[in-house]
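**Student:** pasting the sequence and the predicted model now:
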Amino acid sequence: MSKNGKRQLCLRYTLFRQTTYLGLGISIDPHHWSVKKELVLSGDKSYSYYNRILE
């Protein structure tokens, strides 16, 4: 978590039973993340841009 309370989104993938995390360069407030939908919520000003990257 950064000083401003945001967290970086990472992509987790597993290949041959080895897990790797890849940072996406997106930092958001945890309150603006939908765990159920796995998308950035509209409370973040760049939510539509971030969600297009995640698709």
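**Tutor:** Alright, I've got the coordinates.

**Student:** partner residues bridging the closest residue to Tyr47 other than its chain neighbours?
**Tutor:** Spatial nearest neighbour of Tyr47, excluding adjacent residues (Cβ to Cβ, 6 or more residues apart in numbering): Val40 at 4.4 Å. C-beta: built from backbone N, CA, C; applies to glycine. Beta-bridge partners recorded for Val40 (DSSP bridges): Trp33.

**Student:** I'd guessed Val40 sits against Ile53; true?
**Tutor:** No. Val40 lies out of contact with Ile53 (Cβ atoms under 8 Å); the separation is 9.4 Å.

**Student:** who touches both of the two?
**Tutor:** Residues within reach of Val40 and of Ile53 at once, by Cβ atoms under 8 Å, 6 or more residues apart in numbering, are Ile26.

**Student:** show me the contacts for the residue sitting nearest the centre point of the chain.
**Tutor:** Centroid check for the chain by Cα atoms, centre = their mean gives Leu9 as the closest residue, at 3.0 Å. By Cβ under 8 Å, 6+ apart, the contact set of Leu9 is Gly23, Leu24, Ile26, Ser27, Ile28, Trp33, Tyr50, Leu54.
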